[in-house]
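S.K.: Fold the following for me, if possible:
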Amino acid sequence: MRTVIQASGLHKHYGPKAILEDAEVAIGEHQRVGVIGRNGAGKSTFCKMILGEEEPDAGSIKLHADLRLAYLEQKDPFGENETVLQFLVRKGTAPEWRCGELAGRFLLNQALLSRRALDLSGGFQTRVRLCSMLLSEPTFLILDEPTNYLDLKTLLLLEQFLLTFTGGYLVVSHDREFLMRTCTDTLEVARGKMTIYPGRVTQYLNYQAARREQAQKLNTEVREKRAELEDWIARNKATASKATQAESRRKQLEKLIETEIDQDEALIEIRLPNAETRSGTGLLVQAMAIGYPPATPGGQPNQIATDITFDLDRGSHVAVVGDNGQGKSTFLKTIAGALAPLSGTLKWGYEMRIGTYAQHVFQQLPDSQTVRQWLEKQAAAAPGPMIKTQEVLDLAGTFLFRGTEVDKHIRVLSGGERSRLLLCGLLLGRYPALLLDEPTNHLDFETVEALADALKAYNGTLFLVSHDRTFVERIATQVIEVKEGRATLFPDGYAAYCWRLEAEARAETGAPAIVPGSASKEVAKPVSAQDTRDAGKRIKGVERDLKKMDERKKQLEALLSKNPTSYQPAETTELQEVQAKIAELEETWLGLSEIVNG
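M.R.: Numbers count the residues shown, from 1 in each chain. Next up is the predicted model:
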């Protein structure tokens, strides 16, 4: 595979802060590279250097003469009154028939092509930008956080697009599931360096952990041997008959050098205090309609969804899903009390206080205050016993505001830092119910996973909107889909919902099934005979587990069907878990079958 991007000796500073220091990497024409690293490590800077939007302070980036680059624009590229079709023709310099043909891959029908691009939802605008990338017939793509603000269906279309793309690409993302599905190689940007690994992100992280563990073990042995030699020399250095032996041991001592281990970047561990002390109903909704009141007196309300009815227990963790523009945020605003229902009733449980995190709110934080001042203000406003200053600082530390970082003014914080600050302040409020609208945008890989662990253990009631499947699947136990004027509660969990939606997307586009960790066959790496044997052994175990889960599913369904009007929470919850596990095992079986059958 020929190299198409060669970075050598890259240096980049922003003021006194070093981003890249003598960093280098070579990327091949068909490599599918997932880029990971903390916020501010230099991931986006490297992408901008490849595109020529930024220059390194020193070093160089050389691009192959045949390389045709394209990137997914995050800023608005559309003209004021430009239709979707007009934009595609302008960006791709292709005839209208070709634009329409490719638009079909992203479920952009004729009606959408004739609409003004700026009037489309964020998810559909992303589909338009993806289509425009194809029209330029690139050989290599640069995608910097492409999944931000995408609805699940558009995210699945993006995966299908990448897995059928015949060139290479770099994808910067904090979504482990997305990287696992689309990228075969991993590039870590950390401590001023770039390290590329010929494997998926989970394999790389496991490899790094194993290397660090091995180095620590060797260093322990070196220190023990050094102590043994130093003790012998100290006891025998004055003995003339052992002078030769002492000199030999000194030489051995000089050769004992510990392996240098990269210092771990600060680990993120987020601990949420218990927020609930009661059981019973968390939220009761009956025949509710949501939307916006009439714009003018006597006018008609803008109705988004109607006849919404459900009853949720305290402590439920609910994923609110649906295409962008269908009303997810309107639903959250309504249950948060920011919008009144157009009709019907909505009733929270006794003394249920609601904490909300909404898209773009972090931009409204007071620039004149420091991190410490703002967090102490949130803590002082929380009910219950006074939160001590040290408790505030401890929680701030879990969001990486440590030492002098807590005295930084909010005006100098990055988007990711502001998001962490807002979430930290929200958690200081001791809310028994949280409504989170896209909380992972602007957060880095490690922070997203730490937040998922914390919210999974959170004992309050949670409503969550997020494009990050790994994040949501670890947290949500139920799903509410807002779609085509309805808001429907799905009792079988998030994994089963994703499976159904992916099947729908495949049926609409005619694309092949996406297997987690798979890659298109054109650029797939060869599978060794040992890999095939290992997969054959594993598939038998998966089949046994599937049989057990299927039997348990039938037992639970039979039990529930005997008393269909009786509420059986334990059995209902177990059925959801069993269905999710079956979906997971089926995906694993498909991946292993592909290896076994070549």
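
S.K.: Thought residue 72 was touching residue 143, still the case?
M.R.: Yes: Residue 143 is in contact with residue 72 according to CB atoms under 8 Å; the separation is 4.8 Å. Backbone N, C-alpha and C define where each C-beta goes, glycine included.

S.K.: pLDDT weak spots in the stretch 101-250 of the chain?
M.R.: Within the stretch 101-250 of the chain, the stretches falling below the threshold (pLDDT under 70) are 122, 148-149.

S.K.: Strands of that one, start to end?
M.R.: Counting by DSSP state E, counting those that start in this stretch, the stretch 101-250 of the chain has strands at residues 140-144, 168-172, 185-190, 193-197.

S.K.: And the contacts of the third one?
M.R.: When you say that, I think you mean strand 185-190. 20, 23, 25, 27, 31-38, 41-43, 46, 170, 179, 194-201, 203-204, 262, 265 (CB atoms under 8 Å, 6 or more residues apart in numbering).

S.K.: does the spatially closest residue to residue 310 that is not a sequence neighbour count as helix, strand or coil?
M.R.: Nearest residue to residue 310 in three dimensions, chain neighbours excluded: residue 489, at 4.5 Å (CB to CB, 6 or more residues apart in numbering). Per DSSP: H, G, I helix; E, B strand; the rest coil, the secondary structure class of residue 489 is strand.

S.K.: number of nearby residues for residue 489?
M.R.: As a burial measure, residue 489 scores 15 neighbours (other CB atoms under 10 Å).

S.K.: again, but for residue 249
M.R.: By other CB under 10 Å, 18 other residues sit near residue 249.

S.K.: List the residues that contact the closest residue to it other than its chain neighbours.
M.R.: Once flanking residues are discounted, residue 249 sits nearest to residue 229: 5.0 Å by CB to CB, 6+ apart. Contact analysis of residue 229 by CB under 8 Å, 6+ apart lists 249, 252, 253, 256.

S.K.: just the buried members of those?
M.R.: Among those, those classed as buried by 16 or more other CB atoms under 10 Å are residue 249.

S.K.: Which of the contacts of residue 229 fall in strands?
M.R.: Secondary structure from DSSP state E places none of those in strands.

S.K.: closest to residue 154 among the contacts of residue 229?
M.R.: Closest approach between these and residue 154, by CB to CB: residue 256, at 56.8 Å.

S.K.: ok, back up a step: out of the contacts of residue 229, which are inside helices?
M.R.: Counting by DSSP state H, these place 249, 252, 253 in helices.

S.K.: Can you give me the distance of residue 417 to residue 443?
M.R.: Per CB to CB, to the nearest Å, residue 417 is found 10 Å from residue 443.

S.K.: cool, and residue 338?
M.R.: From residue 338 to residue 443 the distance is 24 Å (CB to CB).

S.K.: Check residue 537 too.
M.R.: From residue 537 across to residue 443, the span is 38 Å (CB to CB).

S.K.: which of these two has more neighbours?
M.R.: residue 443 (24 against 9).

S.K.: Helix, strand, or coil at that one?
M.R.: coil.

S.K.: That one and residue 451 touch, don't they?
M.R.: Yes: the pair residue 443 / residue 451 is scored as a contact, 7.0 Å apart, by CB under 8 Å.

S.K.: what about residue 186, how many neighbours?
M.R.: 23.

S.K.: which residues sit in contact with the residue lying closest to it once chain neighbours are set aside?
M.R.: Once flanking residues are discounted, residue 186 sits nearest to residue 204: 4.1 Å by CB to CB, 6+ apart. By CB under 8 Å, 6+ apart, the residues touching residue 204 are 186, 188, 197.

S.K.: now, which of the residues you listed sits nearest residue 212?
M.R.: Using CB to CB, the contacts of residue 204 come closest to residue 212 at residue 188, 13.3 Å.

S.K.: secondary structure class for the closest residue to residue 153 other than its chain neighbours?
M.R.: Nearest residue to residue 153, sequence neighbours excluded (CB to CB, 6+ apart): residue 323, at 5.5 Å. Using three-state DSSP, the structure places residue 323 in coil.

S.K.: coming back round to it: between residue 143 and residue 72, who's got more neighbours?
M.R.: Neighbour totals were compared for residue 143 and residue 72, and residue 143 leads with 22 against 18 (other CB under 10 Å).

S.K.: So what sits opposite that one in the bridge?
M.R.: residue 171 (DSSP bridges).

S.K.: residues contacting residue 321?
M.R.: 151, 152, 328, 465, 479, 480, 481, 482, 497.

S.K.: So in this protein, which helix runs the longest?
M.R.: Secondary structure of the chain per DSSP H: the longest helix is helix 201-236.

S.K.: Which positions within that one qualify as buried?
M.R.: Buried residues in helix 201-236, defined by neighbour count with 16+ other CB under 10 Å: 201, 203, 204, 205, 208, 229, 233.

S.K.: separation between residue 325 and residue 156?
M.R.: The gap separating residue 325 from residue 156 is 17 Å, by CB to CB.

S.K.: cool, and residue 207?
M.R.: 29 Å.

S.K.: Give me the three-state assignment for residue 547.
M.R.: Put simply, residue 547 is helix when judged by three-state DSSP.

S.K.: picking up where we left off before, can I get the contacts of residue 229 in a markdown table with distance to residue 365?
M.R.: Formatted as a markdown table, these follow (distance: CB to CB, whole Å):
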| residue | distance to residue 365 |
| --- | --- |
| 249 | 62 |
| 252 | 59 |
| 253 | 56 |
| 256 | 52 |
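
S.K.: Between the contacts of residue 229, which sits nearest residue 52?
M.R.: residue 256 (48.9 Å).

S.K.: hey, what's in contact with both of residue 417 and residue 443?
M.R.: Going by CB under 8 Å, 6+ apart, residues that sit against residue 417 and also against residue 443 are residue 39.

S.K.: surely residue 127 meets residue 156?
M.R.: No: using CB under 8 Å, residue 127 makes no contact with residue 156, being 11.3 Å away.

S.K.: The stretch 451-598 of the chain: helices as residue ranges?
M.R.: 469-475, 493-509, 529-562, 569-596 (DSSP state H, counting those that start in this stretch).

S.K.: ok, residues contacting the first one?
M.R.: Applying CB under 8 Å, 6+ apart, the contact partners of helix 469-475 are 152, 155, 175-178, 317, 319, 440, 448-449, 451-453, 455-456, 462, 464, 466, 494-495, 498.

S.K.: Now, of these, which are buried?
M.R.: The neighbour count (16+ other CB under 10 Å) marks 152, 155, 175-178, 317, 319, 440, 448-449, 451-453, 455, 462, 464, 466, 494-495, 498 as buried among the contacts of helix 469-475.

S.K.: quick revisit: I'd like the distance between the residue nearest to residue 249 and residue 43.
M.R.: Counting by CB to CB, the gap from residue 229 to residue 43 is 45 Å.

S.K.: What of residue 431?
M.R.: 33 Å.

S.K.: out of those two, which sits in the busier spot?
M.R.: Per other CB under 10 Å, whichever of residue 431 and residue 43 has more neighbours is residue 43, with 26 against 22.

S.K.: Look at the more buried one and report its pLDDT.
M.R.: For residue 43, the model assigns a pLDDT of 89.

S.K.: How about the contacts made by it?
M.R.: With CB under 8 Å, 6+ apart, residue 43 has these contacts: 35, 36, 37, 144, 172, 189.

S.K.: quick one: which of those is nearest residue 396?
M.R.: Using CB to CB, residue 37 is the member of those that sits closest to residue 396, with 22.4 Å.

S.K.: What is the neighbour count of the closest one?
M.R.: Neighbour count for residue 37, taken as other CB under 10 Å: 23.

S.K.: Hmm, residue 446 and it touching each other?
M.R.: No: in terms of CB under 8 Å, residue 37 does not count as a neighbour of residue 446; the distance is 9.5 Å.

S.K.: re earlier: next, format the ones in helices among the contacts of residue 229 as JSON lines and append distance to residue 350.
M.R.: Shown next, in JSON lines, are the ones in helices among the contacts of residue 229 (distance: CB to CB, whole Å):
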{"residue": "249", "distance to residue 350": "75"}
{"residue": "252", "distance to residue 350": "73"}
{"residue": "253", "distance to residue 350": "71"}
